[in-house]
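Asker: Generate a structure from the sequence data that follows.
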Amino acid sequence: MKRTPVNPWAWSLKLGYNQAEMITGTSRQLICAGQTAVDAAGSPQHPDDMRGQIRLSLDNLEAVLSGADMDFSNIIRLGIFTTDVDEALQNFDLRGRRFGPIQCAPPMTLLGVARLAIAGLLFEIEATAAA
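Answerer: Sure, this is the predicted structure:
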């Protein structure tokens, strides 16, 4: 898979994402449902703890990717939903720790929402991946 960043402006690079990426040479795509801070039984974890919820959501996304023999470097698009954008952004170093070392900056959308599907959840991340 070859990724070609498309950035008519550089401001998004400081936030860790490209405006767009041209993806070529892929043979598989994986569309991931939104991953949240739930355990293997689907029970919410880390109540009122944005940082804990972001960490577990990323762990759960990594598990889904692994099940398809992929990892974070395969992600070509992220959608992030949170009940508190400011608090989520304060904890985005967790996202940076996963994507920065592998120099992966997929296009991303971050949306503030009134609530998520399960009461008590604060953060949800969905991804599209390719290989």
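
Asker: Where do the helices of this structure begin and end?
Answerer: Assigned by DSSP state H, the helices in the chain fall at 50-67, 85-90, 93-99.

Asker: quick one, which of these is nearest to residue 116?
Answerer: Among those, the nearest to residue 116 by Cβ to Cβ is helix 50-67 (9.8 Å). All C-beta atoms are positioned from the backbone trio N, CA, C, and that covers glycine.

Asker: Just list what that closest one packs against, helices and strands only.
Answerer: Under the contact definition 3 or more Cβ pairs under 8 Å, 6 or more residues apart in numbering; DSSP states H and E, helix 50-67 sits against helix 85-90, helix 93-99, strand 123-130.

Asker: Now the last one: average pLDDT?
Answerer: In this model, strand 123-130 has an average pLDDT of 98.

Asker: for the first one, same thing?
Answerer: Here the mean pLDDT over helix 85-90 is 98, rounded to a whole number.

Asker: list the buried ones in that helix?
Answerer: For helix 85-90, a neighbour-count test (16 or more other Cβ atoms under 10 Å) marks residue 88 as buried.

Asker: do the second one as well
Answerer: Buried positions in helix 93-99, judged by neighbour count with 16+ other Cβ under 10 Å: 94, 95, 98, 99.

Asker: Endpoint to endpoint, stretch 26-37 covers what distance?
Answerer: With Cα to Cα, to the nearest Å applied, stretch 26-37 spans 30 Å between its terminal residues.

Asker: Tell me how far that stretch lies from the chain's centre.
Answerer: From the chain centre to the centre of stretch 26-37 is a distance of 10 Å (Cα atoms, centre = their mean, to the nearest Å).

Asker: and what of stretch 20-33?
Answerer: 14 Å.

Asker: can you redo the helices and strands packed on helix 50-67 as a markdown table with distance to residue 50?
Answerer: Output for those, formatted as a markdown table (distance: least, Cβ to Cβ, whole Å):
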| stretch | distance to residue 50 |
| --- | --- |
| helix 85-90 | 5 |
| helix 93-99 | 10 |
| strand 123-130 | 6 |
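
Asker: quick one: which of those is nearest residue 24?
Answerer: Nearest to residue 24 among those is strand 123-130; the distance by Cβ to Cβ comes to 9.9 Å.
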